[in-house]
Structure formats: structure tokens, C-alpha cells
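1. Got a predicted structure here, sequence first:
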Amino acid sequence: MNKLGLLVDDDPIFNWVSSKMIEKVDPGLTIKSCANGKEALDFLCENYTGETIYQILLDINMPRLNGWEFIEELEGIQTIKSDNVFIYIVSSSTDESDIKKADGLELVKGYFKKPLSIEDIKSIFG
Amino acid sequence: MTKDDQPLSILVIEDNPGDFMLIDDFLLEKFSAIKVIHEETFESAIAELKSFENIDIILLDLILPDMKGEQLVEKVQEHSGNIPIIILTGYSDIGLARKILSKGVSDFLIKDEINPEIIYKAIIYALERKNYITKLNTSKKIYRDLFDFSPQPMWIFDPSTLHFLNVNKAAINKYGYTLEEFKNMTIKDIRPKNHMEFLEKSLEERKTRDPDTYAGVFFHALKSGETICVEIYSNDIEYEGRTVRLVLASDITEKQEYVSTIETQNKKLRDIAWTQSHVVRAPLSRLLGVINLLDLEPNDSEEVPFLLEQIKVSGKELDKIIQDIVAETRSMDIKTLKR
């Protein structure tokens, strides 16, 4: 199975830093960066295949479609199955309510606080 | 027999010389240190009352050449202050004398029955009663003053008609109405127009509730049109033979304003805390992310200058956010937050 790292964050530097770190853990992994949920959703709608594992690093506070809205939209798309989509929330929010909310979502496999350490990256992509 | 040695001044108003001599004898028989002042007419008695200040008791014949009966008693009372008056009368005037008792005279003695014992007893009783009444009036005055001069606005109203029965000086000062105006008003007139339903509801509730003294916080309207916020304490009391409600109102408008100022301030502080956790953390986490990456890069990596540049950019962004927070906190002067 192919693997794809999908980085969804409105901060391009954060995406760049994440991609650099992933490169060190899993050299050669295909990485796609998106600036918001809408862009990421459009990308998945066009390119999704059941043959690829999608590992998504998802920010919460973003313009256009935020992290929560992105997950909601994604759940509504029948063609996208949940067994090859893994979402990891990466947020600067330290609100307990956000963490609880993430816990209740099936697609969400983990909650990380920014910044990501190399160990975090290893636990996701290693 | 020992005589009473109280130093009393007794004014005897009696036009019949024989009657006076008899009374004078009786008095001297019982009292060793009295001064008897004799006047024969109403006019001269009044002149005496005006000039002589230390009269302890008045013996008054009910029929004088220049005035008699009820009118005489009333006129003498106008000048006698609280000096006890004992009426001297004949058999024929008993009915009148009884009637006059209700006007506040101490006693009446029938001339044909007077003897030293009777006159002595009447005088001593009258003096004792006067002392007792004076004490009672003093304590009555103390309780009245507690109401009248209480620094907190207080009033009494009739729970069935809602009319004000009495209000104290602090209430007059606070609400701006005179006592007469208050007495023509009901407690509805000090409520804002749109609070009538609320007032009726709270009065209904008051009927079923245990009459504990704290009634709650209400809005009241002053004569000036201004609305104030008051904390009300009330109690049912007996007043002039019926159950009425005594109310104590303390103006907490300023206190409320202060609380609301603090609440506004708290909200601002919460906003700042939220900003702190979300906005400040964004550049900070990026900064730390870049540093994490820098750690992993070899020193001679071509990425190093770019990473350092990113650290600088994030640092500046963070600095700007912190300056904004400081400016916002500084604007939280308690005075400028007041409504």
C-alpha cells in the first residue's frame, strides 16, 4: 500500500518544518501540504484511492474550513473509507474541551500539542 | 406623724377664699417643705404659669370668675406643659369632671370630701404617674428616633392597600418626596413603571413565604426619575393596632456598579488568558518546532540560514503579540470601565 502524509495547517512554516522532520523519519514518503481544511478536502476528493494510507496532520484553528469542519465533511463523503484515513490533531490549543472532542471522533487517532517533536513524528510515521 | 419633706411648689387656682384656706391647711399638714402659690382667676394663673417655672403640680377649681369647665381646663393645659393638674369640684359637677379626666388631667377631687389624706394621696399619685409617663415617653422617643433618624431609608406600609403609613428622614432624602407626598402614595409609586408585574409577584410570594427579613434586591424609582438598586429587608410589625410591614431599603447601586465593573474586568482578563493560550502559542510553537528541526540538522546544512530567519520572524511576531496584551491590560483602568 502507498502512504501519503497530508499536512493541513495555515502556517506554511509549520508545514515545512513538519515535512522536514517526516523526511528524517520516513525518507521518500510522499507529502502534500494544504493551507486549510477546504484545500485538503478538495485534494482528497480528487485523489482519494482505497489503495493509499492517508496520514493527516490536522490543525484546528484555520480559515475557510477549520479542523473540526474538515472532519465532519470527510465523514459525510461515502467513497472515503475510514480504515485507511488516520487523522492526528496538531494544535496550539491546550483547551481540555478540544482534547475531549478529539477523543470522541473515530477518524482521530491522536492529539498532539504544537510544536511536534521528532518523537511525535516517529510515533506517527515511524 | 411625720410630714413629707419634698420641696414642692403647688399652684392652687381657687377663687373661693374659704375653700383655699382649707386646702392650704391640708397641704401644710402633710408637707413640710412646700411652697403654695395662690391665684384666684384664670388670667392671673396663666401669668403665674408664664413667670414661675418650677411648679410641680396644679390644683384647679373648675369654676373661676373669668372661665370655667372644659374650656378652662384646655386653656390651662396650653400653658402648663406636663405639670400634673388635679381638678377641684363640687358634687354638681361630677359628670363634667369625669369627662375632663379623658383630657389628660390627673385626678379630680370633690371639695366636700377633701381631707389631708385624700389630697396628699392625689398629689403623690399624680407626681408618680408623671414620672412614669415621662420615662415611657422617653423610651417611646428613643424608638421613634431609631426609625426617624436611622441613616438607612425606612418606611411602614399597609400590606393590603400598599399605602405608605410613615417614612423616615433618610427615605425622604433618598427618594425626594416629602412626608405628605409619601402618605398619598403606594409602594407601587416608587417602582419603575415596567416593574409592576414583578412587584405583584414578589408580594404574592411574600404571603406564602416564611416572613424572614431579607426580601431581595429590587429596582426603585426616585422622584427625580433616576432608578436605584436596593436591597430590601422587611418585617411585619404591630402599628396603631394593626399589622403593617416595616421596610429597610439600602441603596446598593454603587456596589452593583462596582460588581459589574469587576465582572467586565474579569471578562477582559479571561479574554487575555484565551489570547495568551491561542494567539501566543501559535508563533511560540512554530518557534519551538523550528528549533526542534534545527537540532536535527547538521551544522553545515544549507537549511540553517532559513531556519534562523524563521526563528527571527516568529520571535518578532511573539513580541508584537505580547506588546498588544500589555497595551490591552493597561487600558483596564477601573474608572474607564465604569458605565
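-> It's in. Numbers count the residues shown, from 1 in each chain, chains lettered A, B, ... in the order given.

2. Any residues of chain A in contact with chain B? List them.
-> A:11, A:13-14, A:17-18, A:20-21, A:24, A:61, A:92-95, A:113-118 (C-beta under 8 Å from any C-beta of the partner chain). Heads up, the C-betas are built off the backbone N, CA and C, glycines and all.

3. where along the stretch 101-250 of chain B do the helices fall?
-> B:116-148, B:169-175, B:179-183, B:196-208 (DSSP state H, counting those that start in this stretch).

4. Any idea which of these gets closest to chain A?
-> Closest approach to chain A among these is made by helix B:196-208 (37.0 Å; C-beta to the nearest C-beta).

5. Are any of the residues of chain A next to chain B buried, and if so which?
-> Buried members of the residues of chain A next to chain B, counted by 16 or more other C-beta atoms under 10 Å in any protein chain shown: A:11, A:13-14, A:17-18, A:20-21, A:61, A:92-93, A:113-116, A:118.

6. Closest to B:D4 out of those?
-> When those are ranked by distance to B:D4 (C-beta to C-beta), A:S93 comes first, at 98.2 Å.

7. Please give the element, helix or strand, for the closest one.
-> In this assignment (DSSP states H and E), A:S93 forms part of neither any helix nor any strand.

8. quick one: pLDDT of it?
-> Note for A:S93: predicted pLDDT of 73.

9. I'd say it and A:I60 touch.
-> Yes: the pair A:S93 / A:I60 is scored as a contact, 6.0 Å apart, by C-beta atoms under 8 Å.

10. Among the residues of chain A next to chain B, which lie within helices?
-> Counting by DSSP state H, those place A:13-14, A:17-18, A:20-21, A:24, A:118 in helices.

11. and of the residues you listed, the nearest to chain B?
-> When these are compared for distance to chain B (C-beta to the nearest C-beta), A:V17 wins out at 4.5 Å.

12. Could you find the closest non-adjacent residue to that closest one?
-> B:G289 (4.5 Å; C-beta to C-beta, 6 or more residues apart in numbering or on different chains).

13. Count the neighbours of that neighbour for me.
-> Applying other C-beta atoms under 10 Å in any protein chain shown, we find 25 residues neighbouring B:G289.

14. for the one 3 residues further on, same thing?
-> Residue crowding around B:N292 was assessed by other C-beta under 10 Å; the count is 19.

15. Now do the contacts for it.
-> A:17, A:21, A:115-118 (C-beta atoms under 8 Å, 6 or more residues apart in numbering or on different chains).

16. Save these as JSON lines, and put in pLDDT too.
-> Formatted as JSON lines, the contacts of B:N292 follow (pLDDT from 0 to 100):
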{"residue": "A:V17", "pLDDT": "90"}
{"residue": "A:M21", "pLDDT": "91"}
{"residue": "A:P115", "pLDDT": "87"}
{"residue": "A:L116", "pLDDT": "89"}
{"residue": "A:S117", "pLDDT": "89"}
{"residue": "A:I118", "pLDDT": "90"}
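
17. Just give the number of residues close to B:L284.
-> When neighbours are counted by other C-beta under 10 Å, B:L284 registers 18.

18. doesn't it fall inside a helix?
-> Yes: under DSSP: H, G, I helix; E, B strand; the rest coil, B:L284 falls within a helix.

19. In the stretch 101-250 of chain B, what residue comes closest to chain A?
-> The stretch 101-250 of chain B approaches chain A most closely through B:V217 (33.6 Å), counting by C-beta to the nearest C-beta.

20. what pLDDT does that residue get?
-> 88.

21. Just to check, it is in contact with B:I232?
-> Yes: assessed by C-beta under 8 Å, B:V217 is found in contact with B:I232 at 7.5 Å.

22. returning to what we had before: out of the contacts of B:N292, which is nearest to B:Y177?
-> Looking across the contacts of B:N292 and measuring by C-beta to C-beta, the closest to B:Y177 is A:P115, at 69.0 Å.

23. Phi, psi for that closest one please.
-> phi -80, psi 160 (degrees, to the nearest 10).

24. Apart from its chain neighbours, what residue comes closest to it?
-> Excluding the flanking residues, the one nearest A:P115 by C-beta to C-beta, 6+ apart is B:G289, at 3.5 Å.

25. in which helix or strand would I find the one you found?
-> helix B:281-296.

26. Show me what the mean pLDDT comes to for that helix.
-> 86.

27. Next: stretch B:116-124.
-> Across stretch B:116-124, pLDDT averages out at 91.

28. Same check on stretch A:6-15?
-> Per-residue scores along stretch A:6-15 average to 92.

29. same question, stretch B:221-233
-> 92.

30. Find out how far stretch B:191-208 is from the centre of the chain, if you would.
-> A distance of 24 Å separates the centroid of the chain from that of stretch B:191-208, by C-alpha atoms, centre = their mean, to the nearest Å.

31. Pull the residues that contact that stretch.
-> With contacts defined as C-beta under 8 Å, 6+ apart, stretch B:191-208 is touched by B:159, B:162, B:187-188, B:215-216, B:218-221, B:227, B:234.

32. Got a ChimeraX select line for the buried ones in those?
-> Those of the contacts of stretch B:191-208 that count as buried under 16+ other C-beta under 10 Å are selected in ChimeraX with:
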select /B:159,162,187,215,218,219,220,221,234
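
33. Name the nearest residue to residue 60, ignoring sequence neighbours.
-> You didn't say which chain, so I picked chain A. In this structure, A:I60 finds its nearest non-sequential neighbour in A:G67, 3.9 Å apart by C-beta to C-beta, 6+ apart.

34. oops, I was thinking of chain B
-> Leaving aside its chain neighbours, B:L60 sits nearest to B:I13 (4.9 Å; criterion: C-beta to C-beta, 6+ apart).

35. for B:G216, same thing?
-> B:I232 (6.2 Å).

36. Next, the contact list for that neighbour, please.
-> B:I232 neighbours (C-beta under 8 Å, 6+ apart): B:214-218, B:247-249.

37. if we look at the sheet, which residues does it bridge to?
-> Legend: beta-bridge partners of B:I232 under DSSP bridges are B:G216, B:A249.

38. Outline the domain layout of chain B.
-> B:9-146, B:154-251, B:255-330 (automatic domain parsing).

39. Tabulate those domains (a markdown table), appending distance to A:F43.
-> Shown next, in a markdown table, are the domains of chain B (distance: least, C-beta to C-beta, whole Å):
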| stretch | distance to A:F43 |
| --- | --- |
| domain B:9-146 | 82 |
| domain B:154-251 | 58 |
| domain B:255-330 | 23 |
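
40. Against which helices or strands is the lowest-mean-pLDDT helix or strand in chain A packed?
-> Using mean pLDDT, DSSP states H and E, helix A:96-103 stands out as the lowest-scoring helix or strand of chain A, at a mean of 86. If you count contacts as 3 or more C-beta pairs under 8 Å, 6 or more residues apart in numbering or on different chains; DSSP states H and E, helix A:96-103 packs onto strand A:85-91, strand A:108-113.

41. Please enumerate the strands of chain B.
-> B:9-13, B:35-39, B:57-61, B:63-64, B:67-68, B:85-89, B:107-110, B:154-157, B:164-167, B:214-221, B:227-239, B:242-251 (DSSP state E).
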